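Colleague: Predicted model and sequence below, questions to follow.
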Amino acid sequence: MVGDWRELWRERCAARHTVKPCRQVDHQKACAAAQPTTTTATTTTIPTRAPPAKTCYSVGDPHLKKFDGTAFDSHATGWKTLYAKGDLKIDLEQATWRTTGGVAINRAVRYSTDGGNTWDEILQDGQLLSSGATKQFVNPNVKLTVGSADYSQYAWASIPHIYNVYVTTNEYDGATGQCSQGRLRRRLESSDGVSFPSGDDVKVSREVAEEACAGLAEQQSNCVTDMRMINEPDAVDKIKEDFETVESTVTALEATTTAPAMAATTESTEDVVTSDSSTMMHVCVSTLALASLLVV
């Protein structure tokens, strides 16, 4: 009798729980027909923002702007490090511009890719980089832009060619030099600035300089300062022209650095497929076994 009951149970279980499409299965029943199931994890992309690139420069007599936007002038003479990080070092040689002394300018440019042990290029007398107006370094990621202004037509200019230099990078954290640290001085040297001509010595007044530089934006103050410092009426147009070039160069460089680079970090998981056909049999057999115990 018990054997007949067990056989009947098996038949009913098999008949009621034949594997069916998942949409027809009543999952509340003890002998639910388990279908293969797939669990898919959603891919998660976490964007990380790289530091924005910034431009530091040294232009004119010279006027410097650091990566953080701080501006200052430097009239100390000698080689000054503009930017240094890792094995890259970029130096400018500042020298007195006029035969009578006074303001300084950038007379020469040099850079090293071995920490200053040797110099890859040294530029002077208006010479530009072997690669042209710019030089791209990889490690650190730095773009060096060099421009030259020709003042050879002026007798008062003891140095006929001056350099305007720009460093563009997003690797400024941990860098040294004037671009990051501000004004640098040698011992016993002063870099406190030079006074404007005054009294009867004035040949280019503040009003004349301000009018000539009125069309400039960020470089307007630098333009006015240089005109008054040089104090030569025949150089007014030339100085204005040079600062127009400086301003357009800075604008172009900053236009390429306004959108920070984005780096994406992606986490993904594979699909996990589980087939539980054995689970159905386990449930049915277990129920049958329990029923047998109860009968016995």
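Modeller: That came through fine. Numbers count the residues shown, from 1 in each chain.
Colleague: can you give me the helices in the chain?
Modeller: Using DSSP state H, the helices of the chain run over 2-16, 178-181, 206-212, 220-230, 236-255, 277-295.
Colleague: Lowest average confidence across those helices, which one?
Modeller: Per-stretch averages of pLDDT across the helices of the chain put helix 277-295 at the bottom, with a mean of 40.
Colleague: correct me, but Gln178 touches Thr81?
Modeller: Yes. Counting by CB atoms under 8 Å, Thr81 is a contact partner of Gln178 at 6.8 Å. For glycine as for every other residue, the C-beta is placed from the backbone atoms N, C-alpha and C.
Colleague: Which residue of those two possesses the greater neighbour count?
Modeller: Using other CB atoms under 10 Å as the criterion, Gln178 and Thr81 rank with Gln178 on top: 25 against 18.
Colleague: The closest residue to the more buried one other than its chain neighbours: neighbouring residues, count only.
Modeller: Counting by CB to CB, 6 or more residues apart in numbering, Gln178 lies nearest to Leu82, which is 5.2 Å off, once chain neighbours are set aside. When neighbours are defined as other CB under 10 Å, Leu82 has 25 of them.
Colleague: Next one: Leu82 from Ile90, what distance?
Modeller: Applying CB to CB, to the nearest Å, the value for Leu82 to Ile90 is 5 Å.
Colleague: same question, Ala214
Modeller: 33 Å.
Colleague: Look up how far Gln127 lies from the nearest residue to Lys203 once chain neighbours are set aside.
Modeller: Leaving aside its chain neighbours, Lys203 sits nearest to Asn231 (5.0 Å; criterion: CB to CB, 6+ apart). Separation of Asn231 from Gln127 (CB to CB) stands at 28 Å.
Colleague: Who are the contact partners of the residue nearest to Glu232 when sequence neighbours are not counted?
Modeller: Spatial nearest neighbour of Glu232, chain neighbours left out: Trp156 (6.1 Å); criterion: CB to CB, 6+ apart. If you count contacts by CB atoms under 8 Å, 6 or more residues apart in numbering, Trp156 has them with Arg98, Thr99, Thr100, Ile230, Glu232.
Colleague: between the residues you listed, which is closest to Lys143?
Modeller: Lys143 lies nearest to Ile230 out of the contacts of Trp156, by CB to CB, at 30.0 Å.
Colleague: Among Ala214 and Ile90, which residue is more densely surrounded?
Modeller: Ile90 (25 against 11).
Colleague: who's that one bridged to?
Modeller: Tyr83, Tyr111 (DSSP bridges).
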